[in-house]
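Engineer: Below is the structure, and that's it, no one-letter string:
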């Protein structure tokens, strides 16, 4: 809860001529968190990440990395940062070792420690066997890993990954996810994607961006808890509808097929226990009871289609 | 400074692992060798005709190195087009931009790598000239001044080429622009003969005017400073251009 804030963006904006790619975006990331940035194509994810990484100057607002303002002291702020853009910034004519060695030097790792840092990054990204090979000759998946190794070789406090699993096969995607999870334990990670299961699998917190604005920000556990919308109930000997509707925490009952009912939930409470108790007591023959939670996908579609709904949960989500 | 060296080392490596650099050095050496042989031939002929004033070193510095600089005018933009334009196109420039290094360090690092290439070309010329030492007396000071002029001139092309490279994301356009800048500054010497102060000024700013004295073996610090200022000016423009791009 009180972990150090590693990256903070306040009222971040970026204009390209008349169009605002990012508009008044706030973002906070604490140590050991993995934040997922979600959004449809062109929502401003990459622009946001470029600004956080210091590759693009914001039109308004400011970014603070590990207590250092990016605009005031970019060199010092950037030492705490590892960035993997959408297209990994590789030099195909170099070998993996040469490339990573250069990256380590670029981030101020002294000559004597470079080899160790490179070995560590290669180990973490599964590149130990390809150190001597030319990056040009590696497959797309390995190139992506080299890009990732580049972002972590100097052990930055914050790692920014723009669509890290694009173009990978399913096995590689799983490996990269595991790797990101591991990284999330010691570093803070910001990750963008438009693949929802990926965010769900990896992140602690999710932020949905649409048209340059944050439309949703919540931790994933929290979302799983209080987003019980309805309870699906299957009964062999159902009672009258009114009886079901009178159960505590239920606002409305719909009859589905095959003796199933959909009980709409009133408020935040989870009514499943009460429903199960009642069914057992009255011998309704309970065969099915499950919560119908709002999935990330539903939230996403709801928030990003049509007009922008400002639903920013300002309650500190951490 | 260590970051500048780090970038310079990496850029040098990237230049020399590419076949482009070796092809350019090879072609350069071949063409210059032709001019070299032709100059020796002319020298031998003129010496028979009784020219006791112009030595073989003069032929070397005026004809061969002057000619080598012209080839450099074509070659260097091909090298500098990769520095920013091609990196921008392949999006590897982000690596440097997101790293804790300043734009000045990036530009200097890349420039020093180009300079290493220029020095390699100059070293080839030096080896070529040293062959003559077996057969004749060579005015080493004169040759050194000529080579210095060659390095300064190509370094200036390198700086203007780097700047051209920051302007676009298309390597071919960058090469063309780099070539154009170098050529315009080169041929502006033709205005020297035109009347009025403007013609004089434009003529004075020409790259070639300042090569003349060096090729005669005269080390005039004004000429050296001219090349250095030209170089620094274009590197500074490159830094400004990159800074504009960020915001």
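Structural biologist: Structure received. No experiment lies behind these values; they were computed from the predicted model shown.
Engineer: dump the residue contacts of the nearest residue to residue A:78 once chain neighbours are set aside.
Structural biologist: With sequence-adjacent residues excluded and distances taken as CB to CB, 6 or more residues apart in numbering or on different chains, residue A:78 is closest to residue B:100, at 3.9 Å. Any C-beta I mention is one placed from the backbone N, CA and C, and that applies to glycine too. Residue B:100 is in contact with A:74-79, A:81, A:106-108, counting by CB atoms under 8 Å, 6 or more residues apart in numbering or on different chains.
Engineer: Could I have the buried ones of these as ChimeraX selection syntax?
Structural biologist: Of those, the buried ones go into a single ChimeraX selection, burial set by 16 or more other CB atoms under 10 Å in any protein chain shown:
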select /A:74,77,78,79,81,106,107,108
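Engineer: would a markdown table of the contacts of residue B:100 with pLDDT and secondary structure be doable?
Structural biologist: Listed next are the contacts of residue B:100 as a markdown table, based on pLDDT from 0 to 100; DSSP: H, G, I helix; E, B strand; the rest coil:
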| residue | pLDDT | secondary structure |
| --- | --- | --- |
| A:74 | 87 | helix |
| A:75 | 88 | helix |
| A:76 | 89 | helix |
| A:77 | 89 | helix |
| A:78 | 90 | helix |
| A:79 | 89 | coil |
| A:81 | 91 | strand |
| A:106 | 91 | helix |
| A:107 | 91 | coil |
| A:108 | 86 | coil |
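Engineer: Pick out the residue closest to the middle of chain A.
Structural biologist: With distances taken as CA atoms, centre = their mean, residue A:36 lies nearest the centre of chain A, 1.4 Å away.
Engineer: Would you agree residue A:31 is in contact with residue A:7?
Structural biologist: No: between residue A:31 and residue A:7 there is no contact under CB atoms under 8 Å: 10.0 Å.
Engineer: out of those two, which sits in the more crowded spot?
Structural biologist: Taking other CB atoms under 10 Å in any protein chain shown, residue A:31 and residue A:7 do not tie; residue A:7 has more neighbours (24 against 15).
Engineer: residues touching the more buried one, list them.
Structural biologist: With CB under 8 Å, 6+ apart, residue A:7 has these contacts: A:27-29, A:52, A:63-66, A:158, A:188, A:190.
Engineer: Dump the contacts of residue B:100 to a markdown table, plus distance to residue A:296.
Structural biologist: A markdown table is the format used below for these (distance: CB to CB, whole Å):
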| residue | distance to residue A:296 |
| --- | --- |
| A:74 | 35 |
| A:75 | 38 |
| A:76 | 37 |
| A:77 | 32 |
| A:78 | 32 |
| A:79 | 34 |
| A:81 | 28 |
| A:106 | 37 |
| A:107 | 35 |
| A:108 | 39 |
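Engineer: how many other residues sit next to residue A:244?
Structural biologist: Neighbourhood size, residue A:244 [other CB under 10 Å]: 21.
Engineer: How about the residues of chain B by chain A?
Structural biologist: Within chain B, the positions near chain A by CB under 8 Å from any CB of the partner chain are B:2-3, B:6-7, B:9-10, B:13-14, B:17-18, B:90-102, B:246-247.
Engineer: so the residue nearest to residue A:78, which of the three states?
Structural biologist: Under DSSP: H, G, I helix; E, B strand; the rest coil, the three-state class of residue B:100 is coil.
Engineer: Ramachandran coordinates for it?
Structural biologist: The phi and psi values for residue B:100, taken as degrees, to the nearest 10, are phi -70, psi 60.
Engineer: now swap in residue A:233 and tell me
Structural biologist: The phi/psi pair for residue A:233 (degrees, to the nearest 10) is phi -130, psi 130.
Engineer: What does residue 187 show for phi and psi?
Structural biologist: I went with chain A, as the question did not name one. Backbone torsions of residue A:187, given as degrees, to the nearest 10, read phi -120, psi 170.
Engineer: Also residue A:38?
Structural biologist: phi -110, psi 160.
Engineer: For it, which non-adjacent residue is closest in space?
Structural biologist: Of all residues beyond its chain neighbours, the one nearest residue A:38 is residue A:208 (4.7 Å), with distances taken as CB to CB, 6+ apart.
Engineer: mean confidence for whichever helix or strand the one you found is part of?
Structural biologist: Taking DSSP states H and E as the criterion, residue A:208 maps to strand A:205-210. Summarised as a single mean, pLDDT over strand A:205-210 is 86.
Engineer: Who are the packing partners of it?
Structural biologist: Packing partners of strand A:205-210 (3 or more CB pairs under 8 Å, 6 or more residues apart in numbering or on different chains; DSSP states H and E): strand A:34-38, strand A:213-219, helix A:220-226, helix A:296-304.
Engineer: Look up the pLDDT of the most centrally placed residue in chain B for me, please.
Structural biologist: Among the residues of chain B, the one closest to the centroid is residue B:154, at 0.6 Å (CA atoms, centre = their mean). For residue B:154, the pLDDT comes out at 93.
Engineer: Next: residue A:307.
Structural biologist: So residue A:307 comes in at 50 (pLDDT).
Engineer: tell me the contacts of residue 111?
Structural biologist: Here I'm looking at chain A. By CB under 8 Å, 6+ apart, the residues touching residue A:111 are residue A:105.
Engineer: sorry, should have said chain B
Structural biologist: Listed by CB under 8 Å, 6+ apart, the contact set of residue B:111 reads B:158-159, B:162, B:231, B:235.
Engineer: My read is that residue A:177 contacts residue A:168, right?
Structural biologist: No: when contacts are counted by CB under 8 Å, residue A:177 is not listed as touching residue A:168 (10.0 Å).
Engineer: right, and out of the contacts of residue A:7, which lies closest to residue B:72?
Structural biologist: residue A:52 (42.6 Å; CB to CB).
Engineer: That closest one and residue A:190 touch, don't they?
Structural biologist: Yes: when contacts are counted by CB under 8 Å, residue A:52 is listed as touching residue A:190 (6.9 Å).
Engineer: show me where pLDDT drops low in the stretch 1-150 of chain A?
Structural biologist: For the stretch 1-150 of chain A, the stretches with pLDDT under 70 are A:1-2.
Engineer: need the residues of it near chain B, please.
Structural biologist: A:53-57, A:74-79, A:81, A:83, A:85, A:87, A:89-94, A:98, A:102-103, A:105-108, A:150.
Engineer: for chain B, longest helix please?
Structural biologist: helix B:19-48 (DSSP state H).
Engineer: Now that one: average pLDDT?
Structural biologist: Mean predicted confidence for helix B:19-48 is 90.
Engineer: List the buried residues of the helix or strand following that helix.
Structural biologist: Later in the chain than helix B:19-48, the nearest helix or strand by DSSP H and E is helix B:56-58. Across helix B:56-58, burial judged by 16+ other CB under 10 Å covers B:56-58.
Engineer: Residues contacting helix B:56-58, please?
Structural biologist: For helix B:56-58, contacts defined as CB under 8 Å, 6+ apart pick out B:40, B:43, B:132, B:136, B:138-139, B:142-143, B:216-217.
Engineer: ranking those by neighbours, who comes first?
Structural biologist: Of the contacts of helix B:56-58, residue B:143 is surrounded by the most neighbours, 23 neighbours in total, counting by other CB under 10 Å.
Engineer: which SSE is that one in?
Structural biologist: Secondary structure assignment for residue B:143, by DSSP H and E: helix B:140-166.
Engineer: Please state the offset of that helix from the chain centre?
Structural biologist: Distance of helix B:140-166 from the chain centroid (CA atoms, centre = their mean, to the nearest Å) equals 3 Å.
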